[in-house]
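In: Pasting the sequence and the predicted model now:
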Amino acid sequence: MLTTILRASGLVVFLSLVPASEAFSFDVHQFFETKCGRCHQHSGDLARQNLFIDGGVLRSRESGDDIRLFLPDHHGHPDPAETAALYETFIWQVRSGAMFKTKCAICHVRASDLARQSLVRDDDGVRGRYTGVDLGEFLVHHGRIDDDNVNFFVQLFRRLAPKQIPF
């Protein structure tokens, strides 16, 4: 019990020191689908239905607890980088208010799939995988996205799009 408390408190300190990344070093949605998908629905729905933000901390609606204490022991997420990526993803999804779902899902089912299939990120930003067109420039004239939301979606896909491998 003491080991669990010490490990969890150490992880909270670690996660509080980890800056919000622009992108993950691995596909966090693929990780979620593989490790968590048998028991949980889509990560965004799970986050928005079961979590809330209080004072910048992501908490369980059921218990009110900081989920950084819960995640490391929930079906074995001992890797701090995986746990940090899940936490960061969940907090982003709660903050987003399902914007992708309300503005884009009529044509694009899931943001993670769209990012994997159609986008790449590099040092200059996010662009179309096959066209090379800058995502921000494209979104100005695309679908239901207004100018105020372009930056939100560029940041969203910066987190999700795979890194372009230079040839």
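Out: Looks like it came in fine.
In: Can you give me the domain assignment for the protein?
Out: Per the record, the chain has its domains at 2-97, 100-160, by automatic domain parsing.
In: Buried ones in the helix or strand hosting L86, by neighbour count?
Out: Using DSSP states H and E, the element containing L86 is helix 80-96. For helix 80-96, the neighbour count (16 or more other C-beta atoms under 10 Å) marks 82-94, 96 as buried. No exception for glycine: its C-beta is placed from N, CA and C like everyone else's.
In: between the residues you listed, which is nearest V140?
Out: Proximity of the buried residues of helix 80-96 to V140 (C-beta to C-beta) peaks at S96, which lies at 19.8 Å.
In: So that closest one sits against L156, correct?
Out: Yes. Assessed by C-beta atoms under 8 Å, S96 is found in contact with L156 at 7.2 Å.
In: Taking the centroid of this structure, which residue is nearest it?
Out: T89 (2.7 Å; C-alpha atoms, centre = their mean).
In: With adjacent residues omitted, what lies nearest to that residue?
Out: V28 (5.1 Å; C-beta to C-beta, 6 or more residues apart in numbering).
In: Tell me how far Q93 lies from H141.
Out: 27 Å (C-beta to C-beta, to the nearest Å).
In: in which helix or strand would I find H75?
Out: Per DSSP H and E, there is no helix or strand for H75.
In: scratch that, D113 is what I was asking about
Out: Going by DSSP H and E, D113 is in helix 111-118.
In: which residues of the chain score low on pLDDT?
Out: 1-24, 76-78, 165-167 (pLDDT under 70).
In: Show me where it has its helices.
Out: 2-17, 28-35, 43-50, 67-70, 80-96, 99-103, 111-118, 135-139, 147-160 (DSSP state H).
In: V57 is nearest to which of the ones you listed?
Out: Here helix 67-70 is closest among the helices of the chain (C-beta to C-beta), at 7.9 Å.
In: Now do the closest one: which elements does it pack against?
Out: Packing contacts for helix 67-70, counted by 3 or more C-beta pairs under 8 Å, 6 or more residues apart in numbering; DSSP states H and E, involve helix 2-17, strand 57-60, helix 80-96.
In: Quick check: buried residues in the shortest one?
Out: Burial within strand 57-60, assessed by neighbour count using 16+ other C-beta under 10 Å, is assigned to 58-59.
In: Show me the contact partners of it.
Out: Strand 57-60 has contacts (C-beta atoms under 8 Å, 6 or more residues apart in numbering) with 50-53, 65-68, 70, 87, 90-91, 94.
In: Alpha carbons of that strand, as PDB, please.
Out: C-alpha atoms of strand 57-60 as PDB (Å, rounded to 0.1, in the frame of the first residue of the first chain):
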ATOM      1  CA  VAL A  57      -6.400  19.100 -12.400                       C
ATOM      2  CA  LEU A  58      -8.200  16.300 -14.200                       C
ATOM      3  CA  ARG A  59     -10.500  14.500 -11.700                       C
ATOM      4  CA  SER A  60     -12.900  11.600 -11.700                       C
END
